[in-house]
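> Structure for this input, please:
(4 chains)
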There are 2 protein chains.
Amino acid sequence: MAHDIPKIPSVTSFDVAKLAGVSRSAVSRAFTPGSSISEKTRKKVLIAATELGYRVNQMARALNKQRTDLVGMIASRMSNPYRSEQIDALAKHLVREGFRPMLFCIDEDMDEEQLLSILLNYQVSGVVITSDAPPVEICNECARMRVPLALVDRIDDLPFVDRINGDNLKGGRMAAEVLMSAGRRDFIVVQQETIGYSGAARIAAFTERLSQEGLKTRVVNVDANEYEGGAEAVTEVLKSLDQNLGVFCPSDTVALGLIDTLRNKHNVRIPQQLSLIGYDDIPQASWSFADLTTIKQSVDEFARVTVELLRERIRHPDAKPKNKIVDVTLVRRGSV
Amino acid sequence: MAHDIPKIPSVTSFDVAKLAGVSRSAVSRAFTPGSSISEKTRKKVLIAATELGYRVNQMARALNKQRTDLVGMIASRMSNPYRSEQIDALAKHLVREGFRPMLFCIDEDMDEEQLLSILLNYQVSGVVITSDAPPVEICNECARMRVPLALVDRIDDLPFVDRINGDNLKGGRMAAEVLMSAGRRDFIVVQQETIGYSGAARIAAFTERLSQEGLKTRVVNVDANEYEGGAEAVTEVLKSLDQNLGVFCPSDTVALGLIDTLRNKHNVRIPQQLSLIGYDDIPQASWSFADLTTIKQSVDEFARVTVELLRERIRHPDAKPKNKIVDVTLVRRGSV
DNA sequence: GTGAAAGCGCTAACAC
DNA sequence: GTGTTAGCGCTTTCAC
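Model prediction:
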């Protein structure tokens, strides 16, 4: 077998120590921020290290510290653009902050026990869960083992577990207000069978705000998720069309299914015949076919806060759970 | 600080060995598939392990084996639904095959050197790159260090580096043929500034197939990517509208920007006034507003093949590069 | 501020 | 098939 390129043998702290004329401890300290080492030796070590192409072996370090910088990200439904934006942002922030994201995409038939094993076997520094279906066992076990855990868009009340949520109360209310100020008086909210905590909270806030004005909301339940769920809601929406209708979908993917089907299969004119508002502001919401008014949640802000909470919890594993709320804003487009 | 839940101290192979009345090697063997151990002791060990809640410490194992089961996935443009589908599929396959995916989302201002450091520091078992912009340094260094590397949708010719590509030749030809059999005689292909290898290959195949029939293709260059790129192409497309036009976008995201803008901003009727075909078959291509005919690449098949190549290369790091082609199929919808 | 020594938890080579 | 022994490469008391 030809070896066109020579394989480089791995260089250890011992080699660096020898070349720099110091001990291995010195090398270790040179690569450990905040350890007591003179600037002079640090320089010497760094020079030797560069010369040899030394990199500290994280496995050895982890074995010692009983902790890696690995962070498990558990995600479901990556087909939802909001989810993949979230993961994208989270992965970037984690790396920037010195963590190393491991990605686990789960679905219905995932093996909770196996996943937990992996997480624990690798002694992850933390876990972030952004999925609708709660992997209960994982949450409990993380809490129990004091593995820092951050729950995004989830409300589960667990000891030692932090949560990050959008301001669903504000978002739901804003949706109601936008629809009202567009002159709508009759309301439908589309609810997927598998609705999560966030969706439910948004709907509750929406309904509540309307009832303050003495207005009623009808809930249309659909079996499918995302786009298909929206398409499914069309039947019910069409029935109410002669009234002064405002529709709220607590997720853009659903709203997009609805608006697309309404416009392109049933020639409904929006916003002339009805107003529609979504939630999340995924990229597709701004596409011409949709031109969807929606409530924007900043994935970047979510990611920032999540990493921040993780950091804090690593410092204080036994602190009581924190609950962060991320602001939401209205994005006005043509569907209202 | 209250400790509502007791923290469990970590249990080592030593503890299990003691309880099972065997040596630590026996414990190790019980957890190493294919090692020589009697069924009887294996049982004993497993029972003891379960009782104590033992999990093998991957860091220690890795330190020993000089290799983790970590696989780095390097991805760009997660906003492209095709990309996130790819990552989703890849992550699932990797886990199923015993690997642990680390995710690195890169953009223009990423630090190649830092990323490389991470990969090497963690002694990853392999790296998969699915990004348009080639992180050259990373590729070279992986080859050099014999870190198994798989390139998805890339053509870079590197020693010890495997590649997985869709059948761009077939795909490009099919696109041409579909358009021709719809009676089109005048062709435009939309090309983004940042087009990657795959896109270029598809365009080449498309153009070539048409020229076999004596038909010419005009390339429209756009500066923006994805949806915006498609929207940008509209101006040029409209100019050619009175002719018998067929348009090919080597990526669905671009095609969607084009078709959406054409239909919803310029009232162009498709396929009456022109035929349009895309590439990838992302979920949005099937939405009503688009109803886009496209060339489907199976992300699942991509993932399967990629993991397979990784496995092989781990066994034979010095084998010569393999080149796998994944089949593509036509998905007929209403845009042609 | 620095080095020596003792592990972190595991696997592999070697005897038996 | 099984136990013993010797590390994997690093960090970390503990003296100095």
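
> Now do the SS call for residue A:102.
Following DSSP: H, G, I helix; E, B strand; the rest coil, residue A:102 is assigned to strand.

> same thing with residue A:95?
Put simply, residue A:95 is helix when judged by three-state DSSP.

> Test my guess that it contacts residue B:103.
No. Applying Cβ atoms under 8 Å as the test, residue A:95 and residue B:103 come out as separate, 9.1 Å apart. All C-beta spots, glycine's among them, are computed from the backbone N, C-alpha and C.

> Give the intersection of the neighbour lists for the two.
Common neighbours of residue A:95 and residue B:103, using Cβ atoms under 8 Å, 6 or more residues apart in numbering or on different chains, are residue A:101.

> Residue A:87 is in contact with residue A:302, correct?
No. Using Cβ under 8 Å, residue A:302 makes no contact with residue A:87, being 10.8 Å away.

> of these two, who's got more company?
residue A:87 (27 against 23; other Cβ atoms under 10 Å in any protein chain shown).

> Just confirm that one is within a strand.
No. Counting by three-state DSSP, one finds residue A:87 to be helix, located in no strand.

> what's it in contact with, if anything?
Counting by Cβ under 8 Å, 6+ apart, residue A:87 makes contact with A:73, A:75, A:78, A:103, A:130, B:78, B:84, B:103, B:105.

> ok, and the third one, which helix or strand is that part of?
Secondary structure from DSSP states H and E places residue A:78 outside every helix and strand.

> if you skip the residues just before and after it, what's nearest to it?
residue B:88 (3.8 Å; Cβ to Cβ, 6 or more residues apart in numbering or on different chains).

> Would you confirm that that neighbour contacts residue A:76?
No. Shown here, residue B:88 and residue A:76 do not form a contact pair, counting by Cβ under 8 Å, at 9.8 Å.

> Stretch A:95-110 near chain B anywhere?
Yes. Stretch A:95-110 is in contact with chain B by Cβ under 8 Å from any Cβ of the partner chain, via A:95, A:100-105, A:107.

> where does chain A come near DNA strand C, residue by residue?
When proximity is defined as Cβ under 7 Å from any atom of the strand, chain A approaches DNA strand C at A:21-26, A:29, A:36-38, A:40-42, A:60, A:63-64, A:66.

> List, out of these, those positioned next to DNA strand D.
With Cβ under 7 Å from any atom of the strand as the criterion, those include A:24-25, A:29, A:60, A:63-64 near DNA strand D.

> if we can go back for a sec, quick check: neighbours shared by residue B:88 and residue A:76?
With Cβ under 8 Å, 6+ apart, residue B:88 and residue A:76 have common neighbours residue A:105.

> So which residues on chain A come close to DNA strand D?
A:10, A:12-14, A:24-25, A:27-29, A:31-32, A:35, A:54-57, A:60-61, A:63-65.

> same thing but at 6 Å, please
A:10, A:12-13, A:24-25, A:28-29, A:31-32, A:56-57, A:60-61, A:63-65 (Cβ under 6 Å from any atom of the strand).

> Just give me the least confident of the residues you listed.
Across these, the bottom pLDDT score, 80, is held by residue A:10.

> Kindly state the beta-bridge partners for residue A:149.
Under DSSP bridges, the beta-bridge partners of residue A:149 are residue A:127, residue A:161.

> could you measure it against chain B, distance?
13 Å (Cβ to the nearest Cβ, to the nearest Å).

> How about residue A:276?
Per Cβ to the nearest Cβ, residue A:276 is found 14 Å from chain B.

> So what touches the host helix or strand of that residue?
With secondary structure defined by DSSP H and E, residue A:276 is part of strand A:274-280. Residues outside strand A:274-280 that contact it (Cβ under 8 Å, 6+ apart) are A:82, A:171, A:175, A:178-179, A:182, A:184, A:202, A:237, A:241, A:245-256, A:258-259, A:262, A:268, A:270, A:285, A:292-297, A:335-336.

> Listing partners with orientation, what would you give for the following helix or strand past that strand?
Per DSSP H and E, the first helix or strand lying C-terminal to strand A:274-280 is strand A:293-297. Next to strand A:293-297 in the sheet, as set by DSSP bridges, lie strand A:274-280 (parallel), strand A:328-331 (antiparallel).

> What is the nearest of the residues of chain A next to DNA strand D to chain B?
The shortest approach to chain B among the residues of chain A next to DNA strand D belongs to residue A:63, at 4.5 Å (Cβ to the nearest Cβ).

> The closest one is in contact with residue B:58, isn't it?
No. Using Cβ under 8 Å, residue A:63 makes no contact with residue B:58, being 9.7 Å away.

> Have a look at these two and say which one is more surrounded.
residue B:58 (24 against 20).

> residues contacting the more buried one?
Contacts of residue B:58 (Cβ under 8 Å, 6+ apart): A:121-123, B:68-69.
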